[in-house]
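S.K.: what follows is a predicted structure for the sequence shown.
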Amino acid sequence: MNLHPPRMWLPPDPPDQTELDAFEEQARAMRDDYAAARPARLAVLATGPALRDIDKAADCRCSCHPSPASPSLHEGGARCPCQLTEAERAELWDRVFEYTDEEAEALERREKEEDEARAQLAEAAAELDVDTGVECWAYPFVVAGTCDGRSFFLRERHGHWRVEVAADPSCTDLWGTSGAPGIEIAAGSAADLCDAGRDASPVVALRLAVRAVRLSGLRDRCSHEVPSEESHQFCRRCGTPLHEAELWKWPAPPPA
Ligand SMILES: [Zn+2]
Ligand SMILES: [Zn+2]
Ligand SMILES: [Zn+2]
């Protein structure tokens, strides 16, 4: 179990207005420079491959212009989208969204796998008595829901995961509410979320998240039973090290 003492996650502070103004000023200067260099761009473009519309190329931000362009990108500028007609561009877009048979099969396979995973997850959720679902299958992977009345989520990305519960008990969707403060209660690496076959498993992730929410919640609420034997350093009900009891209390939500 990757439980750690709870810590508050707060939404980031709004950006500093002076910094924003400085950025805006910098951007304006760059736009001015770009506009001033237009004649020079036109002169360079005239030395490159023949273009259908040299004016559009002068205003195009694609890195294939101005010449001398890379011959490997958009044929040195001649096949840049800015040089194509509306109809030619539309045809290229159509081609982007055309699936090969192989791609269509892979898509179908993935949809089937997701359906299966969803069914397994629903089964596990019923067994654990939580209301939950996968919010996002990858980048990040997110399983979110409500456990014993508290909104929670597990989020994994770049091999790391964490579990958060809503700091405000009245928050019904911590993952879906931007800026809602959360309390991180557990974290670990992606290997913890794999099943016996070492595949990432939403069911394993859900079980781990629910266990974390329940144990952390118990440690928060427990009045701790002091053991009769003095050598025993842990609460018999929740396992909290008795000298750390305060550390395991969930922090109060910040004032709204
Ligand atoms: Zn281009
Ligand atoms: Zn272009
Ligand atoms: Zn206890």
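M.R.: Received, thanks. The structure presented is a predicted model; accordingly, all values stated were derived computationally and were not measured. Ligands and ions are numbered 1, 2, ... in the order given.
S.K.: residue boundaries of the strands in the stretch 1-150 of the chain?
M.R.: 3-9, 131-136, 141-147, 150-157 (DSSP state E, counting those that start in this stretch).
S.K.: what angle do the longest one and strand 131-136 make?
M.R.: What it means is strand 150-157. Compare the direction of strand 150-157 with that of strand 131-136 by axes from the mean of the first three to the mean of the last three C-alpha atoms, to 10 degrees and you get 30 degrees.
S.K.: contacts for strand 150-157?
M.R.: 135, 139-146, 161-166, 169, 171-175, 182, 190, 193, 200, 205-206, 208-209, 213, 217 (C-beta atoms under 8 Å, 6 or more residues apart in numbering). In this view, the C-beta of every residue, glycine as well, is placed from N, C-alpha and C.
S.K.: just checking, Val165 touches Ala180?
M.R.: No - look at Val165 against Ala180 with C-beta atoms under 8 Å: they stay out of range, at 10.8 Å.
S.K.: identify the contacts common to those two.
M.R.: Leu174.
S.K.: more neighbours: which of these two?
M.R.: Neighbour count, other C-beta atoms under 10 Å: between Val165 and Ala180, Val165 has more, with 27 against 19.
S.K.: quick one, phi psi at that one?
M.R.: As for Val165, its main-chain torsions (degrees, to the nearest 10) stand at phi -120, psi 150.
S.K.: count of residues packed around Ile185?
M.R.: Ile185: 26 neighbours (other C-beta under 10 Å).
S.K.: contact partners of the worst-scoring helix or strand of the chain on mean pLDDT?
M.R.: The weakest-scoring helix or strand in the chain, judged by mean pLDDT, DSSP states H and E, is strand 131-136 (a mean of 87). With contact meaning C-beta under 8 Å, 6+ apart, strand 131-136 is reached by 117-118, 121, 125, 141-147, 153, 175-176, 202, 206.
S.K.: and stretch 212-229 with ligand 3, contact?
M.R.: Yes - contact of stretch 212-229 with ligand 3 is found when judged by C-beta under 5 Å from the ion, involving 222, 224.
S.K.: can you list the neighbours in contact with that stretch?
M.R.: 1-3, 6, 147-148, 150, 152, 163, 165, 185-186, 234-240, 242, 245, 248-250.
S.K.: tell me the buried residues in it?
M.R.: Neighbour counts using 16 or more other C-beta atoms under 10 Å place 212-213, 215-217, 219-220, 222 of stretch 212-229 among the buried residues.
S.K.: quick check: mean pLDDT of it?
M.R.: The average of the pLDDT scores along stretch 212-229 is 88.
S.K.: stretch 46-60 now?
M.R.: Averaging pLDDT along stretch 46-60 gives 90.
S.K.: and the pLDDT for Ile185?
M.R.: 97.
S.K.: how about the nearest residue to it, chain neighbours excluded?
M.R.: Closest residue to Ile185 apart from its sequence neighbours, by C-beta to C-beta, 6 or more residues apart in numbering: Ser216 at 4.0 Å.
S.K.: if I look at that neighbour, how far off is Gly176?
M.R.: For Ser216, the distance to Gly176 equals 21 Å [C-beta to C-beta, to the nearest Å].
S.K.: can you check Gly76 too?
M.R.: Taking C-beta to C-beta as the measure, Gly76 falls 47 Å from Gly176.
S.K.: just want to know which of the two has more residues nearby.
M.R.: Comparing Gly76 with Gly176 by other C-beta under 10 Å, the one with more neighbours is Gly76, at 19 against 12.
S.K.: quick check: that one touching Ala57?
M.R.: No - under the criterion of C-beta under 8 Å, Gly76 makes no contact with Ala57, lying 10.8 Å away.
S.K.: re the thing from before, so which of the buried residues of stretch 212-229 is the closest to ligand 3?
M.R.: Nearest to ligand 3, judged by C-beta to the ion, of these is Cys222 at 3.1 Å.
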